[in-house]
Every structure is written in C-alpha cells, then in structure tokens.
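Visitor: Generate coordinates for the sequence data below:
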Amino acid sequence: MTEFTDSTAESFSPDVTTVRNDKFHRYELLVDGEVAVISQFMDKPGHIDFLHTETRPQFKGRGLAKVLAHFALDDVVASGKRIIPHCPFIAAYLRRHEGYELDVDWPPEPPVGEPDND
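Guide: Below is the predicted model:
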C-alpha cells in the first residue's frame, strides 16, 4: 500500500491521508481515518485504467476528490505506467490540469457519466 500525506497542487488539512489500496484495487482518501473518497482502478501491464471515483456524501464540496486524483495520477506516472481515464471525474481532471498529457491514453469512447464528484 502506498501512502502519501502531502500535496503541492491542492491544499487540505493534516487529518487527510491518501493511500493506494491494492487489495481493493482503489486509491483512497481518508479523513480522520474514515474513507471519504475512492478511485477504483484496474492495474494492467503497462497501464492503470481508472474506472470510477466516488466521494461519500458527507465529504462532498471540500475538494477532496481533486486531492485524490492528483495523488493517484502522480503515483501512476511515477510507476512508469500509462493512464487510461474511463472514469468521468478522472477524465475531467486530466482535461483541466496540465502535465499529464504525455502519460495518458484516451479510450476510444469518451467516459460516460457526470464528472462532478467533489
């Protein structure tokens, strides 16, 4: 499990932790030890396919999904793998944030669903 507790792109309080939970195939953002946001993925040879990002209702509106997206995408890039954004939220994040263009393989069909998860 990869753990990270600092981010330069998004600000958050010290009670927030981000982790990669390989057992459940997801990145997690925890607030005071409680899972607040998850981003599910499939880890394939050479790439990570993001499937779904979800923020629990009581944590919405705080920008936490953006913090998790930043952590997860940086983790994939650091691993040398490619990003495949089937998740509408991750796809929207990639379109709004520079720096990942060379590491993304866009799926042939655009992601379906609402990107707003924050």
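
Visitor: so where's the longest helix in the protein?
Guide: Secondary structure of the chain per DSSP state H: the longest helix is helix 64-79.

Visitor: Quick one: mean pLDDT for whichever strand or helix holds Met42?
Guide: Per DSSP states H and E: Met42 is located in strand 34-44. Averaged across strand 34-44, pLDDT comes to 97.

Visitor: Contact partners for the residue nearest the centre of the chain?
Guide: In the chain, the C-alpha nearest the mean C-alpha coordinate belongs to Ala69, at 2.9 Å (C-alpha atoms, centre = their mean). Going by C-beta atoms under 8 Å, 6 or more residues apart in numbering, Ala69 touches Ser39, Thr53, Phe89, Ile90, Tyr93. (Each C-beta comes from the backbone N, C-alpha and C, glycine too.)

Visitor: make it 7 Å
Guide: By C-beta atoms under 7 Å, 6 or more residues apart in numbering, the residues touching Ala69 are Ser39, Phe89, Ile90, Tyr93.
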